[in-house]
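Asker: how would this look folded up:
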Amino acid sequence: MGCKINYSNPPILWKIPTKQQRPRTKTISFSSTTTDSQTQYQNSKLYTVKFKTLSSCKLGIARYPDFEYNAEGGGGTGSGTTESSNSSGEVSVSFDIATLYIPPLQTSTTKFLGLPLPPFLKIDIVPELFRGSINQESGKVDLEFKAKFWFSVGSIYRAPPLVVETVLTSEESKGTMRSGKGERLDELGNCKLVGVATVDPIDDFFINTFLGLPTECLAGMNAIISLSTS
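Answerer: Numbers count the residues shown, from 1 in each chain. Have a look, this model is predicted:
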């Protein structure tokens, strides 16, 4: 006796593709900006810059006689860059504000009309910006300087800050009331930087009246600036 098996559903036949799919490729493009920045960095010369303030400085405001100011002990550090192809000797510099210290005007550092400031008077100088250019060939220095000057009388009075912005230069600085002439870097790094700035009124009637704000101020600072390759 024979038996016959019937399939209710026909068998499924799988078709194997004869062509393989081409793998997908992803194109990666490199920005020319990155390459240019790397090239520029490689062609730059890096410097460590040191700034040191000295004695025999002067500060003047309005038409008052100048303050005799001993800024010895102040200074700071920064960095400088110049392109290797630059033959002018000019270095772009920027100082680290966290390291920059300028001694306050007080009885131990400042004289007015030949006499020390009264012990209770103090003017703190808080730098906010110090950057610019130094030419190693000519000795010319131009540095943007911005700082807040805080005037206080002991613990009983503290005025809002006077904001001073100027360019401290080894050349000549002129305003309408004040002017000064600096001195370029010598072979030892000594220089004299001067800058005239306009001081705007603040929210303090006493200071505005006493100083006649707005007015001009003049800074004359002796310093040593040194550059060394990193």
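
Asker: how about low-confidence regions in the protein?
Answerer: By pLDDT under 70, the weakly predicted segments of the chain are 1-43, 84-85, 230.

Asker: Helix or strand for the nearest residue to residue 96 once chain neighbours are set aside, just tell me which one.
Answerer: Nearest residue to residue 96 in three dimensions, chain neighbours excluded: residue 78, at 5.5 Å (Cβ to Cβ, 6 or more residues apart in numbering). Heads up, the C-betas are built off the backbone N, CA and C, glycines and all. According to DSSP states H and E, residue 78 maps onto strand 75-83.

Asker: Quick check: next helix or strand after that strand?
Answerer: strand 90-95.

Asker: What segments of the chain are helices?
Answerer: 32-42, 205-211 (DSSP state H).

Asker: Quick check: the gap between the residue lying closest to residue 128 once chain neighbours are set aside and residue 223.
Answerer: Nearest non-adjacent residue to residue 128, counting by Cβ to Cβ, 6+ apart: residue 146, 4.7 Å away. Note on residue 146: its distance to residue 223, by Cβ to Cβ, to the nearest Å, is 17 Å.

Asker: Neighbour count for the two, which is higher?
Answerer: residue 223 (22 against 16; other Cβ atoms under 10 Å).

Asker: How about that one, nearest residue that isn't a chain neighbour?
Answerer: Per Cβ to Cβ, 6+ apart, closest to residue 223 is residue 53, 5.3 Å.

Asker: pretty sure that neighbour contacts residue 102?
Answerer: Yes - the criterion here is Cβ atoms under 8 Å, and residue 53 meets it with residue 102 at 6.5 Å.

Asker: Overlap in contacts, the two.
Answerer: 71, 74 (Cβ atoms under 8 Å, 6 or more residues apart in numbering).

Asker: measure residue 59 to residue 86 for me?
Answerer: 35 Å.

Asker: my bad, should have said residue 205
Answerer: Counting by Cβ to Cβ - residue 205 and residue 86 are separated by 51 Å.

Asker: do residue 118 as well
Answerer: From residue 118 to residue 86 the distance is 50 Å (Cβ to Cβ).

Asker: ok, now residue 65?
Answerer: The value you get for residue 65 to residue 86, if Cβ to Cβ is used, is 43 Å.

Asker: more neighbours, those two?
Answerer: Between residue 65 and residue 86, residue 86 has the larger neighbour count (other Cβ under 10 Å), namely 14 against 10.

Asker: Pull the number of nearby residues for the closest residue in space to residue 186 that isn't next to it in sequence.
Answerer: In this structure, residue 186 finds its nearest non-sequential neighbour in residue 139, 6.9 Å apart by Cβ to Cβ, 6+ apart. By other Cβ under 10 Å, 18 other residues sit near residue 139.

Asker: Equivalent analysis for residue 162, please.
Answerer: By other Cβ under 10 Å, neighbour count at residue 162 equals 22.

Asker: Looks like it contacts residue 146 (just checking).
Answerer: No - with contact defined as Cβ under 8 Å, residue 162 does not reach residue 146; the gap is 11.7 Å.

Asker: what sits against residue 48?
Answerer: 77-80, 227-230.

Asker: out of those, who has the most neighbours?
Answerer: Most surrounded of these: other Cβ under 10 Å gives residue 80, at 24 neighbours.

Asker: So in terms of bridging, what pairs with it?
Answerer: residue 47, residue 93 (DSSP bridges).

Asker: close enough to count as contact, it and residue 46?
Answerer: Yes - counting by Cβ under 8 Å, residue 80 touches residue 46, with 7.2 Å between them.

Asker: If we ignore the residues flanking it in sequence, what's nearest residue 201?
Answerer: residue 213 (4.2 Å).
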